[in-house]
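K.L.:
Structure for this input, please:
(one chain, ligands or ions: 1)
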Amino acid sequence: MSISENLYKHAGLVFPAGAVVLALVFAGQIDPYLAFVATSWVIFGLLGLSLDVVWGRGGLLSLGQTAFYGLGGYFGSVVAINLAPATGNSLIWALPAGAAFGALAAAALGYVIFFARMGPLQSTILSYTFTLLLWSVTQTFKLDVGEASIGGDNGMSNIPGIVLGFGEDAEPLGPNAAFAAAIVIAALLYFFTRWLMRGTFGRIVDCIRIDAEKTELLGYDVRKYQLLNFAYSGALAGLAGALFGLWANYLNPSIFSVQEALLVPIYVLVGGLGTLSGAFLGALAIGALSFFLGGGAVGGQTTLILGGVLILLVLFLQNGILGGLGNLWRKSLSDPNEAARNAGAVKIDSTVLGEILQDAAKDAGPAKNMGTDEAFKQFGGVIPVNKVTQTFTPGKPYSLIGPNGAGKSSFLKTCVGMYKPEGGTVTLGHDDITHAPIFDRVRKGMGVKNQKPQVFGELTVADNLWTAAFARTHDTDKAEEVAAKILSMLGLEGQSGVQASALSHGQQQWLDIGMVLCLAPRVVLLDEPAAGMTNEETRELSSLVRTLAKHTTVVVVEHDMEFVRTLEGHVTVLHQGEVFAEGDIETLRADDRVLDIYLGRSEHV
Ligand SMILES: Nc1ncnc2c1ncn2[C@@H]1O[C@H](COP(=O)(O)OP(=O)(O)OP(=O)(O)O)[C@@H](O)[C@H]1O
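P.N.:
Predicted structure coming up:
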């Protein structure tokens, strides 16, 4: 790896570290008033970071960050007013209290958003409403807590300054020292957040943003991760709010205002969505522009400047400053996706496949049966699954066929948990999974491949497989081992560092199948797996399915009759949501009743 490539890989560490050192040097030199104002830019950067965690990484545009910020500010300040006199130091009270309250508020709001499975727009609107609600309530909310007095629209004053020392003589820091302290606090939080987001937690959060359904189909409890990430972002915002309270010595309801709420996404967009450090750059850029061009007022961002910045952003810098620079830099580096062009058709290494299936049986136990008893699903007047009773066992593949709209996919989705049945039961092994969430079914041994390839396009091939393997093993090294084996089974070792989106459609299908195998599933459900595959790939797939069926239970929904014939398994014909006929494909093909439903005739039906 060249120096430039190495530097690019660690840019999020090296440049921010350099910027922190530089800022600390400046902090000692600059005019105290500028230091005082610049401290607020650092705090706004921290608030921007909290949004980038949940939006840039988690995929949810939250307009509730200022709500957590304000709540953290108020709560942290109340705690600091009452407890700081005992220690002198104000930070040790205000910051943890603000963070805890921010996290709690975000967890409460997140619970409603994620557990009600709200869509992105609904979630954004709800978070905005939450902020507005607080803005309105705090106008009249008055409460005395010990020495602290929350005074409605008069705000709350006598908040202690940023006091670093301890004891009775401890004094609030001067503007330059307070600026330096804010830089150190922000730097610590930035580097911790970066570490968190580059680790397993961040990987799963990224996967959820890219494809939440697929992430759950790997066995991850998506809502739990979304909630944790949101609560973490709330903690960051709450801590920033508490620091703001100490910096300003005063808080009022304007902290929850519409303008504040909309500024945060602008910081993130200007700096570069998803870059983490961009939030600080955005806050600095907007803050400095407003300060130097807008008359030097604290927080005096004029509408004109913001409007200008936004127009520039839309026209020239859609990825923000850091995103744009990153794209330019990447162009000068060797293309990591080059190897995708050299990849031929996937050819399964059957020896490695055999080993994988044996290992899976050792790790995950014997194959399981899957069954439905009178499963029933209805959409208004349409009944796509009408009291279907089926048992699937290992040994040979099961195929579900039937004309368009027969209910094949609906039946599969009912088994997977994507559709909740109104009647009947679904069992996996000895477990009744009728009402189990999807991730739980996967953990119990279900492996699902949907019709379209579902891979995490932004992640490399190796990382896609690792993420799937980690869902089962919960062990970094073991996951690497499993992923490497699947990679070699697929013959994609040369493409391990390639982004999955750069692979051809067929290769993505195989990668998806590889991810399912990483789960060591005891029951495999495949929805039209041969769709979009070449003849050669379809033959390869047929052989894989037959081998798989010797070790696990396999159910395939398929349109392609020729493919079904090559599977040499049991075939169920569905028609209007009901089991219409069963048997082997040759007998069914010769059955006039089956021909009639395919041809839309009623002669023998
Ligand atoms: N989410 C849904 N909401 C409303 N109706 C649905 C839903 N899913 C499926 N249906 C209806 O159920 C019926 C069966 O659809 P389904 O996709 O299960 O059939 P299929 O046999 O898989 O068809 P195809 O081969 O065309 O994919 C159709 O009439 C479809 O419109």
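
K.L.:
can you pull the buried residues of whichever strand or helix holds residue 427?
P.N.:
Secondary structure assignment for residue 427, by DSSP states H and E: strand 423-428. Using 16 or more other CB atoms under 10 Å as the test for burial, strand 423-428 gives 424, 426-428. Where C-beta positions appear, they are placed from N, C-alpha and C, glycine not excepted.

K.L.:
if I look at residue 36, how far off is residue 189?
P.N.:
21 Å (CB to CB, to the nearest Å).

K.L.:
What of residue 392?
P.N.:
Look at residue 392 and residue 189: by CB to CB, they are 51 Å apart.

K.L.:
which other residues reach stretch 450-463?
P.N.:
For stretch 450-463, contacts defined as CB atoms under 8 Å, 6 or more residues apart in numbering pick out 203, 206-207, 210-211, 213-214, 217, 336, 409, 464, 467, 483, 487, 492, 495-501, 503, 505, 508-509, 511-512, 515, 527-529, 531.

K.L.:
Let me know whether it sits next to the ligand.
P.N.:
No - Stretch 450-463 lies out of reach of the ligand by CB under 6 Å from any ligand atom, never closer than 8.1 Å.

K.L.:
so who does whatever residue of the stretch 101-250 of the chain ends up closest to the ligand touch?
P.N.:
Relative to the ligand, the nearest point of the stretch 101-250 of the chain is residue 213 (13.6 Å; CB to the nearest ligand atom). Residue 213 sits next to 418, 454 when contact means CB under 8 Å, 6+ apart.

K.L.:
Quick check: residue 227 touching residue 110?
P.N.:
Yes - the pair residue 227 / residue 110 is scored as a contact, 4.8 Å apart, by CB atoms under 8 Å.

K.L.:
So between the two, which is more surrounded?
P.N.:
residue 110 (26 against 19; other CB atoms under 10 Å).

K.L.:
Relative to residue 184, which of the buried residues of strand 423-428 is nearest.
P.N.:
Nearest to residue 184 among the buried residues of strand 423-428 is residue 428, at 52.4 Å by CB to CB.

K.L.:
Let me know the helix or strand that the residue of the stretch 101-250 of the chain closest to the ligand is in.
P.N.:
Using DSSP H and E, residue 213 maps to helix 212-217.

K.L.:
And for residue 448?
P.N.:
Per DSSP H and E, residue 448 falls inside strand 446-449.

K.L.:
quick one: the strands in this protein?
P.N.:
Assigned by DSSP state E, the chain shows strands spanning 142-145, 148-151, 370-379, 382-392, 398-401, 423-428, 431-432, 446-449, 523-527, 553-557, 570-575, 578-583.

K.L.:
Show me the chain divided up by domain.
P.N.:
The chain breaks down by automatic domain parsing into domains covering 13-256, 350-599.

K.L.:
now this protein, which segments are flagged as low pLDDT?
P.N.:
Low-confidence segments of the chain, defined by pLDDT under 70: 294-302, 340, 342-343, 599-605.

K.L.:
Show me which residues of it sit near the ligand.
P.N.:
Contact residues (CB under 6 Å from any ligand atom) of the chain with the ligand: 379, 382, 384, 402, 404-410.

K.L.:
Can you flag the buried ones in these?
P.N.:
Among these, those scoring as buried are 384, 402, 406-410 (criterion: 16+ other CB under 10 Å).

K.L.:
Would you tell me which helix is longest in this structure?
P.N.:
Ranked by number of residues, the top helix in the chain under DSSP state H is helix 222-248.

K.L.:
gap between that one and the chain center?
P.N.:
Centroid separation for helix 222-248 versus its chain: 17 Å, with CA atoms, centre = their mean, to the nearest Å.

K.L.:
buried stuff in that helix?
P.N.:
Buried residues in helix 222-248, counted by 16+ other CB under 10 Å: 222-223, 225-248.

K.L.:
neighbours around residue 532, how many?
P.N.:
Count around residue 532 with other CB under 10 Å applied: 16.

K.L.:
and it, what does it touch?
P.N.:
So residue 532 contacts 505-506, 509 (CB under 8 Å, 6+ apart).
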